[in-house]
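Participant: My questions concern the predicted model and sequence given below.
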Amino acid sequence: MTEKHFGFTFIERFIAPLFDLSFKEFITLKILKFVYILGIFINGLIVLFLILLGFAKSISNGIITLIFSPFIFIILTIFTRVWIEIMIVAFCIAENTKIIAENIERISIKEEGK
């Protein structure tokens, strides 16, 4: 893939929809992978902060936090994943509703022409 082709594809698929004032194309689905990775990174920072906070309070609190931190990370990541999936479902419903509306309009135009 050439640089020019990559640049054109990037502009066509991501930058151009940013300025689509009719909102016919959603960019949210295109950036959700990045948002999920960012969420996992933030979850890791939260758990690291909790571990440091636990050790700052006392050694025993730090050890307990260290033991439970993988579970906290997994729970936070599950919530992040569910949130992302709910967003995907909402946008898929919107896209499918648009397709259904277009098909109904097309069928009604054909029926009027008969």
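Facilitator: It's in.
Participant: from here on, contacts and neighbour counts on C-alpha atoms
Facilitator: Fine.
Participant: Could you report the distance from the residue most central in space within the chain to residue 18?
Facilitator: Residue closest to the mean C-alpha point of the chain, counted by CA atoms, centre = their mean, is residue 32 at 2.6 Å. Using CA to CA, to the nearest Å, we find residue 32 at a distance of 15 Å from residue 18.
Participant: what do you get for residue 64?
Facilitator: Per CA to CA, residue 64 is found 46 Å from residue 18.
Participant: okay, now residue 80: neighbour count?
Facilitator: When neighbours are counted by other CA atoms under 10 Å, residue 80 registers 19.
Participant: which helices and strands does the helix ranked longest in the chain pack with?
Facilitator: When the chain is parsed with DSSP state H, its longest helix is helix 59-113. If contacts are counted by 3 or more CA pairs under 8 Å, 6 or more residues apart in numbering; DSSP states H and E, helix 59-113 sits against helix 28-57.
Participant: Show me what the helix it packs on is packed against.
Facilitator: In terms of contacts (3+ CA pairs under 8 Å, 6+ apart), helix 28-57 is packed against helix 59-113.
Participant: quick one, the helix it packs on and helix 28-57 angle?
Facilitator: Orientation of helix 59-113 against helix 28-57 (axes from the mean of the first three to the mean of the last three CA atoms, to 10 degrees) gives an angle of 170 degrees.
Participant: Distance from the chain centre to helix 59-113, please.
Facilitator: Helix 59-113 has its C-alpha centroid displaced from the chain centroid by 7 Å (CA atoms, centre = their mean, to the nearest Å).
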